[in-house]
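Peer 1: Fold the following, please.
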Amino acid sequence: MSLLSLLGLLVTSVTAPPQGSDELCVGVQSCIVNCVGSHTLRGAATPSAFEVFAGPARMLFLQQLQISRKGSLELRCDTQHDLQWIPDCTLVETRLSPSKIEYIVDISAILEKHVQGTSTAIVAAIADCCDLRWKTRMDWHLDADDFTATAPTLVLDCSNAWKRYTSYLDKNCNNFFAKRTTFNCELDEMGDTCGLTREILASHECRFADGASSS
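Peer 2: Alright, predicted model coming up:
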């Protein structure tokens with residue numbers, strides 16, 4: 001497709017890519033995460049301390065851009081190899097320059113976590129009511145089939161607690177957390193970046209470039 005015809009396509013629909021679909025296989029490096037904090041459960045006189053761990057684990061997902069039947073651009077992320085990890089992708093912006101097309105994408109996922117604490121109540125509350133969320137923004141350079149990404153943020157998010165229940169005394173999570181409750185998390189000191197890498201894509205399946213398993 002010539003640059004002139006591509007420009008005409010993007011003028012009519014700024015979010016429309018070239019015809020067909022485009023796929024990119026993305027790997028997430030090992031995420032060894034540690035969240036340390038304290039929280040005063042509703043009804044408790046003093047705060048309870050907790051610690052949340054995640055990892056090490058490497059994960060894969062297949063990112064697909066395609067035109068829907070209505071002519072709009074659709075973005076989808078699919079987990080590879082039946083991992084207990086479901087990435088969520090949102091197309092934020094499309095950019096055009098003389099040399100390339102860029103798609104700005106927000107990606108987030110919930111990581112599996114392990115909880116320790118100073119009371120049974122705080123362990124149950126954090127385990128059942130909070131999500132350990134990883135998120136980043138990616139700049140996909142379509143013509144080069146490559147990307148850059150921001151350093152990921154890691155947050156223990158308990159803001160959705162009003163819609164959930166905990167195994168502790170079978171209580172609604174809103175007994176433990178206000179509507180907007182989050183705790184910051186950090187990567188540990190082992191040097192893992194939890195960032196993104198481009199991996200091998202064959203027959204719509206992702207593989208780590210070194211051939212290692214994704215589990």
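
Peer 1: Am I right that L91 is in contact with C77?
Peer 2: No - the pair L91 / C77 is not scored as a contact, 10.8 Å apart, by C-beta atoms under 8 Å. Bear in mind the C-beta positions are built from the backbone N, C-alpha and C, glycine included.

Peer 1: Same drill for those two, tell me which one is more crowded.
Peer 2: C77 (19 against 16; other C-beta atoms under 10 Å).

Peer 1: wait, what's in contact with that one?
Peer 2: 61-64, 87-89, 107 (C-beta atoms under 8 Å, 6 or more residues apart in numbering).

Peer 1: Beta-bridge partners for it, please?
Peer 2: Counting by DSSP bridges, C77 is bridged to Q63.

Peer 1: tell me the average confidence for whichever helix or strand T90 is part of?
Peer 2: Assessed by DSSP states H and E, T90 sits inside strand 88-96. Taken as a whole, strand 88-96 has a mean pLDDT of 91.

Peer 1: now do stretch 67-79
Peer 2: Stretch 67-79 comes out at a mean pLDDT of 85.

Peer 1: first vs last residue of it, how far apart are they?
Peer 2: Stretch 67-79 has an end-to-end distance of 21 Å (C-alpha to C-alpha, to the nearest Å).

Peer 1: and that stretch, which residues are buried?
Peer 2: Within stretch 67-79, the residues scored as buried using 16 or more other C-beta atoms under 10 Å are 67, 73, 75-77, 79.

Peer 1: could I get those residues as TSV with distance to A121?
Peer 2: Below are the buried residues of stretch 67-79 laid out as TSV (distance: C-beta to C-beta, whole Å):
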residue	distance to A121
I67	51
L73	47
L75	40
R76	39
C77	35
T79	33
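
Peer 1: Okay then, goodbye and thanks.
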